[in-house]
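> sequence isn't available, so here's the structure alone:
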């Protein structure tokens, strides 16, 4: 059934762990001003390929965040109006189990012949609920929003992967690489697990050193804005 794999996971369906939190602030403003300053000071120098790539990633990342929030708002509307597709199975032991996908249903029922009739009815009930969800999802634009969010996320991930094979030629380009990795990979703000404290420290050191070395050309004496706390689930 079309899009059925998009709608049967437990609340809430999200694509990545970080995206539902508010727009993350970081060294983005610093990097952008650095790029503008670099162009003004050395117009004959070729652009830093890592910084060019960072600008593309920044655009894709922000678009992915906006689309994710829209998709989640529509998903919440669907959940509140019709609920996730779900059926409850009573096992021979008398235990009731709620399942949210055909795959989970088959796993719960197993292959025992005593559950065959129960399984057939449960699959029919689930299929009816799934069809209702799919129709409503298409009507309110959720299906299209989910597809657009995934496409934007794929674009951002492709650009992030390209950082590993793109050499930086400026401090701003190096900072761009660290900025993208930190914003995409950190599970939550100020995460204390390795390697996020070390990456935050390295990015902070890089900005500080650049400010000291060439304050009139790079970073304009600014520091990366502090990020506000907040997190969300992402799969």
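Happy to help now that I have it. If you're wondering where the values come from, they're calculated on a predicted model, not measured in any experiment.
> ok, now which ones touch residue 136?
78, 81, 82, 142 (C-beta atoms under 8 Å, 6 or more residues apart in numbering). Quick note: C-beta positions are derived from backbone N, CA and C, even for glycine.
> so which of the residues you listed wins on neighbours?
Highest neighbour count within the contacts of residue 136: residue 142, with 25 neighbours (other C-beta atoms under 10 Å).
> right, and that one touches residue 76 too?
No. Using C-beta atoms under 8 Å, residue 142 makes no contact with residue 76, being 10.0 Å away.
> about what we covered before: ok, the contacts of residue 136 vs residue 47, which is closest?
residue 142 (39.7 Å; C-beta to C-beta).
> which other helices and strands contact the helix ranked longest in the chain?
Using DSSP state H, we find that the single longest helix of the chain is helix 49-81. Under the contact criterion of 3 or more C-beta pairs under 8 Å, 6 or more residues apart in numbering; DSSP states H and E, helix 49-81 touches helix 28-41, helix 116-140, helix 142-162, helix 171-185.
> as JSON lines, those helices with distance to residue 191 and mean pLDDT would be great.
Output for these, formatted as JSON lines (distance: least, C-beta to C-beta, whole Å; pLDDT from 0 to 100):
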{"stretch": "helix 28-41", "distance to residue 191": "19", "mean pLDDT": "55"}
{"stretch": "helix 116-140", "distance to residue 191": "33", "mean pLDDT": "91"}
{"stretch": "helix 142-162", "distance to residue 191": "18", "mean pLDDT": "95"}
{"stretch": "helix 171-185", "distance to residue 191": "9", "mean pLDDT": "88"}
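> returning to that earlier point: looking at the contacts of residue 136, which one is closest to residue 60?
residue 142 (21.7 Å).
> and the closest one, how far from residue 134?
10 Å (C-beta to C-beta, to the nearest Å).
> now do residue 207
From residue 207 to residue 134 the distance is 48 Å (C-beta to C-beta).
> again with residue 175
Taking C-beta to C-beta, one finds residue 175 at 45 Å from residue 134.
> who's more crowded, the two?
More crowded of residue 175 and residue 134, by other C-beta under 10 Å: residue 175, with 28 against 19.
> now that one: closest residue in space, sequence neighbours ignored.
Of all residues not flanking residue 175 in the chain, residue 206 sits nearest, at 5.0 Å (C-beta to C-beta, 6 or more residues apart in numbering).
> check contacts around that neighbour.
171, 174, 175, 178.
> turn the residues you listed into JSON lines, including distance to residue 55.
Formatted as JSON lines, the contacts of residue 206 follow (distance: C-beta to C-beta, whole Å):
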{"residue": "171", "distance to residue 55": "16"}
{"residue": "174", "distance to residue 55": "15"}
{"residue": "175", "distance to residue 55": "13"}
{"residue": "178", "distance to residue 55": "15"}
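> of those, closest to residue 108?
Minimum distance to residue 108 across the contacts of residue 206 is 45.4 Å, recorded for residue 178 (C-beta to C-beta).
> roughly how far apart are the closest residue in space to the closest one that isn't next to it in sequence and residue 89?
Closest residue to residue 178 in three dimensions, ignoring its sequence neighbours and counting by C-beta to C-beta, 6+ apart: residue 203, at 4.3 Å. If you measure residue 203 against residue 89 using C-beta to C-beta, the figure is 50 Å.
> so the two - more neighbours on which side?
Ranked by neighbour count (other C-beta under 10 Å), residue 203 and residue 89 place residue 203 first, with 22 against 19.
> and whichever helix or strand the more buried one is part of with helix 171-185, angle?
Per DSSP states H and E: residue 203 is located in helix 196-213. If you take axes from the mean of the first three to the mean of the last three C-alpha atoms, to 10 degrees, helix 196-213 sits at 160 degrees to helix 171-185.
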